[in-house]
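K.L.:
Quick one: sequence and predicted model below, then my questions.
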Amino acid sequence: MGLDKVRRSTNLRHCWIGLGILALVTLLLALGGDDAREAMAWNRTALEAGEFWRLLTGHFVHLSLKHLLLNLAGLALVVWIVGHAYTWSQWLFVLFLSIVAINAGFWFIYTDLDWYVGISGFLNGILAAGLVVGVADREPESIALALIVLVKLTWEQAVGPMPGSVSTSGGAVIVDAHIYGAAGGLLAAAILWRRVRSNASI
């Protein structure tokens, strides 16, 4: 097995471990029921009152167990597709910037939004960041998937949620979280790419 295959395999294994930890955390939060969700949701009024933990916790609580399981299934698919792209620390950076981008978008652009929960926003950031690596390596499947994601995000901004997404999630789908998360993921990928290029040139 070549060094590149070893690296990709190690990255993917660490990513699966990270997914397991995230799944455990979100499932434990789900056990708290409505009270936990209301205490941790992204809530503009509560944030204005100084409850800043919601900037993080709002992205890990869900409308229902069904909503959570669907999001975790989507995240597992994303890990399977692009989990090999970065090390665990780089993925944490992608996750961080995706959440920051979503929060900034909600606060400064989507000013009518009062309430939000779910991981779907940063899921799009993780997918976007991972696809950058595949597209850069000219992998046909990554290029095709990147085009599909672009069409999906464009559809959501122009038309609204994808057909069936509202009924399956059990509530309103905040599609702006997807575009903000993707933007954060792309920004993280650009920073990581520049850092790799800078190190390689030394």
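P.N.:
Received it, and whenever you're ready, just let me know what you need. Residues are numbered from 1 along each chain as shown.
K.L.:
Would you mind confirming that Tyr180 makes contact with Ile102?
P.N.:
Yes. Proximity of Tyr180 to Ile102 meets the contact threshold set by Cβ atoms under 8 Å, at 4.5 Å. Quick note: C-beta positions are derived from backbone N, CA and C, even for glycine.
K.L.:
got any residues that touch both of these two?
P.N.:
Shared contacts of Tyr180 and Ile102 (Cβ atoms under 8 Å, 6 or more residues apart in numbering): Gly121.
K.L.:
For these two, work out which one has more neighbours and name it.
P.N.:
Ile102 (31 against 26; other Cβ atoms under 10 Å).
K.L.:
Please, which helix or strand holds that one?
P.N.:
Secondary structure from DSSP states H and E places Ile102 in helix 88-104.
K.L.:
how close does the closest residue to Ala128 other than its chain neighbours get to Val132?
P.N.:
By the measure of Cβ to Cβ, 6 or more residues apart in numbering, the closest residue to Ala128 outside its immediate chain neighbours is Gly185, 3.8 Å from it. Counting by Cβ to Cβ, to the nearest Å, the gap from Gly185 to Val132 is 8 Å.
K.L.:
what do you get for Asn43?
P.N.:
To Val132, Asn43 is 32 Å away according to Cβ to Cβ.
K.L.:
next one: Gly33
P.N.:
Using Cβ to Cβ, we find Gly33 at a distance of 38 Å from Val132.
K.L.:
Tell me which of the two has more neighbours.
P.N.:
Neighbours were counted for Gly33 and for Val132 using other Cβ under 10 Å; Val132 has more, 23 against 9.
K.L.:
Okay then, goodbye and thanks.
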